[in-house]
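Trainee: coordinates only, sequence not included:
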């Protein structure tokens, strides 16, 4: 029985999962373990930490190891993630780490594959619409930053996914109060321009609440006060709906939009309310198109592991 270790390495947490390939060709998740990314000074240190944690399958004993990283990947082997203090290079993974077979992918490539896994099949439809079979499917999600990817139409045996670093592009502020928030972020961050990562992310939620109330809270603390400070929820929902709308228009995602990432999974009220839907559908020219696009929320926080494992299974079958 073949085994796959999938890793989903983010700026805050690193998740590891053990998957077995079942007799019918499907996958079974048998173990999940989380580590704090910031506690390790290198990727090799993180792998050593996994070994020392009592993880029941040594990385060198797995048939494949798939590492999803929150950053751009070069040549399928290297990445210098923007929100992690160390880089990854698996070009000599067998000698350096003992991996039999290894793949390095962008974390939202993994989230895209997750849409084809049990995590995606259990996603909740939060905006009505009718997906077009064979149409491009967009995936977006906020965590430490904002990730994006698109699944392109393809055959059953092999899927094509295009990653994106669109979270580093300018965020589109449109109103007077929003522009005041932009000026606040420019002043407090010292940056030349404000990106979607700065706004639609955990730290963006904290920054927005600080701007509106003067309270400096962690993201989970902000969410606990949504009822007390509905303006925070209102603006955050509108911002999330805007980046989702723009990405659907940029990709013509007739196959639908999936929202992944910890921010929405832990705070579904950000994307399940009327404010999000109104902003998502708002367009002077493309309202009719947007009215047809369904939006789904993935609530499984292990979705990146499922996606990495499915990618690994596809690679094993292709060999």
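Mentor: It's in. Only a predicted model underlies this, so the values are computations on that prediction, with no experimental measurement involved.

Trainee: So for the longest helix out of those in the chain, what gets flagged as buried?
Mentor: Assignment by DSSP state H gives helix 230-251 as the longest helix of the chain. For helix 230-251, burial by neighbour count (16 or more other C-beta atoms under 10 Å) applies to 232-233, 235-249, 251. C-betas here are computed from N, CA, C, even on glycine.

Trainee: Can you pull out the residues in contact with the helix or strand following it?
Mentor: Under the assignment DSSP states H and E, the closest C-terminal helix or strand after helix 230-251 is strand 257-260. Strand 257-260 is touched from outside by 108, 111, 114-115, 120, 123, 126, 137-141, 147, 244, 247-248, 271, 293-298, 303-304, with contacts defined as C-beta atoms under 8 Å, 6 or more residues apart in numbering.

Trainee: What of stretch 213-230?
Mentor: Against stretch 213-230 from outside (C-beta under 8 Å, 6+ apart): 202-203, 205-206, 208-210, 212, 232-233, 263, 266-267, 269.

Trainee: let's go with 10 Å and repeat that
Mentor: 142-143, 201-210, 212, 231-234, 236-237, 262-263, 266-267, 269-270, 275 (C-beta atoms under 10 Å, 6 or more residues apart in numbering).

Trainee: Give me the buried subset of those.
Mentor: Those of the contacts of stretch 213-230 that meet the buried threshold are 142-143, 201-210, 212, 232-233, 236-237, 262-263, 267, 270, 275, by 16+ other C-beta under 10 Å.

Trainee: What about those residues, which are in strands?
Mentor: residue 142 (DSSP state E).

Trainee: Which of the buried ones among the contacts of stretch 213-230 fall within helices?
Mentor: The helices, defined by DSSP H, take in 202-210, 212, 232-233, 236-237, 262-263, 270, 275 from the buried ones among the contacts of stretch 213-230.

Trainee: Which parts of the protein are helices?
Mentor: 43-52, 93-97, 107-114, 118-121, 176-189, 196-199, 202-213, 219-223, 230-251, 262-266, 269-272, 274-281, 287-290, 303-318.

Trainee: Let's have the ones you listed in TSV, adding mean pLDDT.
Mentor: Formatted as TSV, those follow (pLDDT from 0 to 100):
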stretch	mean pLDDT
helix 43-52	96
helix 93-97	93
helix 107-114	96
helix 118-121	94
helix 176-189	97
helix 196-199	97
helix 202-213	97
helix 219-223	92
helix 230-251	97
helix 262-266	93
helix 269-272	96
helix 274-281	97
helix 287-290	97
helix 303-318	91
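
Trainee: could you dump these to a markdown table with distance to residue 166?
Mentor: Converted to a markdown table, the helices of the chain look like this (distance: least, C-beta to C-beta, whole Å):
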| stretch | distance to residue 166 |
| --- | --- |
| helix 43-52 | 25 |
| helix 93-97 | 29 |
| helix 107-114 | 10 |
| helix 118-121 | 21 |
| helix 176-189 | 18 |
| helix 196-199 | 7 |
| helix 202-213 | 15 |
| helix 219-223 | 21 |
| helix 230-251 | 7 |
| helix 262-266 | 16 |
| helix 269-272 | 18 |
| helix 274-281 | 17 |
| helix 287-290 | 18 |
| helix 303-318 | 18 |
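
Trainee: For residue 68, find the nearest of those helices.
Mentor: With C-beta to C-beta, the closest approach to residue 68 among the helices of the chain belongs to helix 107-114: 3.6 Å.

Trainee: what angle do that closest one and helix 303-318 make?
Mentor: Using axes from the mean of the first three to the mean of the last three C-alpha atoms, to 10 degrees, the direction of helix 107-114 lies 80 degrees away from that of helix 303-318.
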